[in-house]
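# Curious how this folds, go ahead:
(one chain, ligands or ions: 1)
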Amino acid sequence: MSKIFITRKIDEAVIDELKKSFDVEVWDSEDEAVPRDILLEKVKESQALLTMLSDQIDKEVLSNAPLLKVVANMAVGYDNIDVQAAEKAGIIVTNTPDVLTDTTADLAFSLILATARRIPEAAEYIKKGDWTSWSPYLLAGHDVHHKTLGIIGMGKIGQAVAKRAAGFDMDILYHTRSRKTEAEEQFGAQYKSLNDLLEKADFVLVLAPLTDETRGMIGAEQFKIMKESAIFINVGRGPVVDEKALIEALENGEIAGAGLDVFEKEPISKDHPLVAMKNVVAVPHIGSASTETRFIMMKLAADNIKAVLNGEKPLTKVSV
Ligand code: DGY
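Down below sits the predicted model:
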């Protein structure tokens, strides 16, 4: 019987379904990622891994995996997996595209709103008992409607954010590898060079995946181009941004605020300078975290494993 190792506690119904045909072992923790030594031990005897974005599936893991046929990542991003090394070893890698598009776009847009309108700060204000009277500029933030949104990385999630932004009467600029004429026609999105976008946008939203080309693409030079009133949002991957430069840009007033779902090093510590800043809304990589979507992602990852172990084509294979 083929063995599947699942690196985190997932829905029982998904596990039970796999157990009907396979030997399934689960690292049964909601809070703690599987320790590296255990992952290295389990992969030796597994035909399939169901992994999270916090698991590093690198050359060391892949070369310790004589039986491994598939790595099913429960995320659309797969920068945690050495896909080239997997392909070389004949191991299929799958991800979970499409099913999380709207949920992640909702989070991106809510970070725009929460940062601009200072929602977490305002909620905290009441909880601390600071609200003594209404006043004209009490917790006044910035408008989102009729402003300019610049989207860096116009894949499916970017286009879903553009759809939401169009409903807020925003002007939409985008920068991405290839032009998206559909978004241009449907939402009036305009393709711009990166510098042009940075210069004009009131909200700069990064959704780009982490690749060799995007690593560090937003740094000191790029923050200097942005408006002093700009709000920077990252729902892509932390290392796309030079975090030190982001901290400096916020400290020096080069930009007005930031809404962050992803960080250079995750989990970010509560003592990190970004977390302490009043004009930063930081959330713990919850882009796709609705119970409905997470269940569908688990199911898709499991279905990919089932297909490969049954000798069928996986539903959502990652290609190099
Ligand atoms: C992904 O799936 O890559 C997202 O970052 C999850 O929120």
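
# so how far is whichever helix in the chain runs longest from its chain's centroid?
Counting by DSSP state H, the longest helix found in the chain is helix 291-309. Remark: helix 291-309 is offset 18 Å from the chain centroid, using C-alpha atoms, centre = their mean, to the nearest Å.

# Quick check: buried residues in that helix?
293-294, 296-309 (16 or more other C-beta atoms under 10 Å). All C-beta atoms are positioned from the backbone trio N, CA, C, and that covers glycine.

# so, in contact with the ligand or not, it?
No. For a cut-off given as C-beta under 6 Å from any ligand atom, helix 291-309 has no contacts with the ligand; the smallest distance is 7.4 Å.

# any low-confidence regions in the protein?
Within the chain, no range satisfies pLDDT under 70.

# Run a quick neighbour tally on the residue of the stretch 101-250 of the chain found nearest the ligand.
Nearest residue of the stretch 101-250 of the chain to the ligand, counting by C-beta to the nearest ligand atom: Thr104, 5.9 Å away. By the criterion of other C-beta atoms under 10 Å, Thr104 has 23 neighbours.

# How about the one 5 residues further on?
Applying other C-beta under 10 Å, we find 23 other residues in the vicinity of Phe109.

# so it sits in a helix?
Yes. Assessed with DSSP: H, G, I helix; E, B strand; the rest coil, Phe109 lies in a helix.

# list the contacts for the closest residue to it other than its chain neighbours?
Leaving aside its chain neighbours, Phe109 sits nearest to Arg164 (4.6 Å; criterion: C-beta to C-beta, 6 or more residues apart in numbering). Residues in contact with Arg164 (C-beta atoms under 8 Å, 6 or more residues apart in numbering) are 105-106, 109.

# repeat for Ala282
So Ala282 contacts 260, 263, 268, 274-275 (C-beta under 8 Å, 6+ apart).

# Same check on Glu264?
Counting by C-beta under 8 Å, 6+ apart, Glu264 touches 238-239, 241, 243.

# Just flag the most distant two among those.
Pairwise distances across the contacts of Glu264 peak at 8.5 Å for Pro239 and Glu243 (criterion: C-beta to C-beta).

# Those two - which one has more neighbours?
Using other C-beta under 10 Å, the more surrounded residue of Pro239 and Glu243 is Glu243, with 21 against 17.

# What separation do you get for the nearest residue to that one once chain neighbours are set aside and Ser288?
Of all residues not flanking Glu243 in the chain, Glu264 sits nearest, at 4.5 Å (C-beta to C-beta, 6+ apart). Separation of Glu264 from Ser288 (C-beta to C-beta, to the nearest Å): 20 Å.

# ok, now which ones touch the residue of the stretch 151-300 of the chain found nearest the ligand?
As assessed by C-beta to the nearest ligand atom, the ligand sits closest to Gly287 within the stretch 151-300 of the chain, at 3.2 Å. The contact partners of Gly287, by C-beta under 8 Å, 6+ apart, come to 100, 103-104, 107-108, 235, 261-262.

# Could you do Trp131 as well?
Contact analysis of Trp131 by C-beta under 8 Å, 6+ apart lists Tyr125.

# Distance check, it against Ile119.
Noted for Trp131: a distance of 15 Å to Ile119, by C-beta to C-beta.

# go on, Asp106?
Separation of Asp106 from Ile119 (C-beta to C-beta): 15 Å.

# quick check, distance from stretch 232-245 to the centre of its chain.
Distance of stretch 232-245 from the chain centroid (C-alpha atoms, centre = their mean) equals 11 Å.

# Spell out which residues of the stretch 1-150 of the chain are next to the ligand.
Counting by C-beta under 6 Å from any ligand atom, the stretch 1-150 of the chain sits next to the ligand at 53, 75-77, 100, 104.

# Tell me the buried residues within those.
53, 75-77, 100, 104.

# Distance to Lys192 and secondary structure added to these, as TSV?
Shown next, in TSV, are those (distance: C-beta to C-beta, whole Å; DSSP: H, G, I helix; E, B strand; the rest coil):
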residue	distance to Lys192	secondary structure
Leu53	29	coil
Ala75	28	coil
Val76	24	coil
Gly77	24	coil
Leu100	26	coil
Thr104	23	helix
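
# For my notes, confirm Leu50 occurs in a strand.
Yes. Counting by three-state DSSP, Leu50 is part of a strand.

# How about it: what's its closest non-neighbour residue?
Counting by C-beta to C-beta, 6+ apart, the nearest residue to Leu50 once its immediate chain neighbours are dropped is Ile6, at 4.3 Å.
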